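Engineer: model this:
(2 chains)
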Amino acid sequence: DIQMTQSPSSMSASLGDTVTINCLASQDIGNYLSWYQQKPGKSPKLMIYGATNLEDGVPSRFSGSRSGSDYSLTINSLGYDDEGIYHCHQYYEYPYTFGAGTKLELK
Amino acid sequence: EVQLVESGGGLVQPGRSMKLSCAASGFTFNNYDMAWVCQAPKKGLEWVATISYDGSSTYYRDSVKGRFTISRDNAKSTLYLQMDSLRSEDTATYYCARFGGIQDFDYWGQGVMVTVSS
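Structural biologist: Numbers count the residues shown, from 1 in each chain, chains lettered A, B, ... in the order given. Reported below is the predicted structural model:
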């Protein structure tokens, strides 16, 4: 199975900051990597797909990038609405696997 | 508007069965692969199973192979998950999700809780 190592597990940042969340794939997954935001008690929301593509309706403050097997989600100009847990997900091959999640809190 | 509405969860004893349903609307159901994803309390997301748009192909995570069956009724725009021989470790919120191809799981249901306990 493909392992997705996500870091950090939690982070705290201030309003207006820029934060980056990372996922390392244990083998090649091409661009079959997505990022989800999940708020307490809610279902996940697709933010980025295909490693770098912004889902419709997602603010342009969010961006995704790739360097080899390293994938990153960057959030610029952090706002209170950005709090939540972020999950990376590989859909290159079965079994599909998720990272362990990053809890983002605002100070 | 795309909507996915799960039903059928609840409390079940270990070893027993439960069937989840997911009613889809707002899109052409038989054009899309569909999936179930679960999340144990305070844990991360886990893909459970996927079924192709026409039901001809199914895929499962190892821990549920032989116990869970994903199926669909395209005439009713409904996805199912039959869960047999349930274990305590199956306790989770189960989400149905539409697989948008390169767009991955682009729509999710609100989730349904399944608790396996005696």
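Engineer: tell me which parts of chain B are close to chain A?
Structural biologist: Near chain A, the residues belonging to chain B are B:37, B:44-47, B:50, B:59, B:61-62, B:95, B:99-100, B:102-106, B:108-111 when assessed by Cβ under 8 Å from any Cβ of the partner chain. Quick note: C-beta positions are derived from backbone N, CA and C, even for glycine.
Engineer: Please list the outside residues in contact with stretch A:10-26.
Structural biologist: A:2-8, A:33, A:35, A:69-80, A:86, A:88, A:90, A:99, A:102-107 (Cβ atoms under 8 Å, 6 or more residues apart in numbering or on different chains).
Engineer: B:A75 versus B:S7, what's the distance?
Structural biologist: For B:S7, the distance to B:A75 equals 18 Å [Cβ to Cβ, to the nearest Å].
Engineer: Over to B:C96?
Structural biologist: With Cβ to Cβ as the criterion, B:C96 and B:A75 are 17 Å apart.
Engineer: Mind listing the residues bridging to the most centrally placed residue in chain A?
Structural biologist: By Cα atoms, centre = their mean, the mean C-alpha position of chain A lies nearest to A:W35, the distance being 3.8 Å. Note on A:W35: beta-bridge partners A:I48, A:C88, judged by DSSP bridges.
Engineer: quick one: contacts for it?
Structural biologist: When contacts are counted by Cβ under 8 Å, 6+ apart, A:W35 is found next to A:I21, A:L46, A:M47, A:I48, A:F62, A:G64, A:L73, A:Y86, A:H87, A:C88, A:H89.
Engineer: near chain B, which residues of chain A?
Structural biologist: A:32, A:34, A:36, A:42-46, A:49-50, A:53, A:55, A:87, A:89, A:91, A:94-101.
Engineer: quick one: A:S77 and chain B, what's the gap?
Structural biologist: 25 Å (Cβ to the nearest Cβ, to the nearest Å).
Engineer: That residue: which element?
Structural biologist: Using DSSP states H and E, A:S77 sits in no helix or strand.
Engineer: contacting residues around the nearest residue to it once chain neighbours are set aside?
Structural biologist: Closest residue in space to A:S77, ignoring its immediate chain neighbours: A:R61 at 5.2 Å, by Cβ to Cβ, 6 or more residues apart in numbering or on different chains. Taking Cβ under 8 Å, 6+ apart, we find A:R61 in contact with A:I75, A:N76, A:S77, A:G79, A:D82.
Engineer: same deal with B:N31?
Structural biologist: B:N31 sits next to B:Y53 when contact means Cβ under 8 Å, 6+ apart.
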